[in-house]
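Visitor: Let's see this in three dimensions:
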Amino acid sequence: QVQLVESGGGLVQAGGSLRVSCAASRLTFSIYTMGWFRQAPGKEREFVAAISGSGGRTYSADSVKGRFTISRDNAKNTVYLQMNSLKPEDTAVYYCAATIGNYADTRAYPYWGQGTQVTVSS
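Guide: Have a look, this model is predicted:
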């Protein structure tokens with residue numbers, strides 16, 4: 001079955017940077033919009049960023065605009081989230097997901113990774 005495996009999470013100080021990756025297998029990667037979501041303790045999962053199958057269009061939440069950049073390498077079946085100027089409020093489990101539907105709607109994503117923890121200390 002489809003597998004999405006995130007990596008690259010960890011602990012970083014406020015103002016620092018981190019890049020998380022998501023490697024996909026057993027799907028035709030280039031036709032899927034890939035999204036990144038996050039979920040902090042006690043909060044709902046929220047949209048962070050998404051990128052179209054070709055990589056030509058990207059979308060991001062207002063809370064991360066100008067700080068986070070999503071990209072993908074279709075030759076490697078991998079999507080990345082470069083996170084700069086990190087803040088303590090960015091602390092969450094970060095999930096990647098794949099969809100051919102609405103990029104901002106969690107319900108449109110049938111495939112999800114297991115998540116990677118990102119912790120930003122103040």
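Visitor: most centrally placed residue in this protein?
Guide: The chain has W36 as the residue nearest its centroid, 2.4 Å off, counting by Cα atoms, centre = their mean.
Visitor: wait, isn't it in contact with Y95?
Guide: Yes - taking Cβ atoms under 8 Å as the definition, W36 is a contact partner of Y95 at 7.1 Å. Heads up, the C-betas are built off the backbone N, CA and C, glycines and all.
Visitor: Show me the common contact partners of those two, please.
Guide: Residues touching both W36 and Y95 by Cβ atoms under 8 Å, 6 or more residues apart in numbering: none at all.
Visitor: residues of stretch 83-99 that come out buried?
Guide: M83, L86, D90, T91, A92, V93, Y94, Y95, C96, A97, A98, T99 (16 or more other Cβ atoms under 10 Å).
Visitor: Pick the one among the residues you listed closest to V48.
Guide: Y94 (7.2 Å; Cβ to Cβ).
Visitor: Which strand or helix spans the closest one?
Guide: strand 92-99 (DSSP states H and E).
Visitor: Partner strands of that strand and their direction?
Guide: Next to strand 92-99 in the sheet, as set by DSSP bridges, lie strand 33-39 (antiparallel), strand 111-112 (antiparallel), strand 116-121 (antiparallel).
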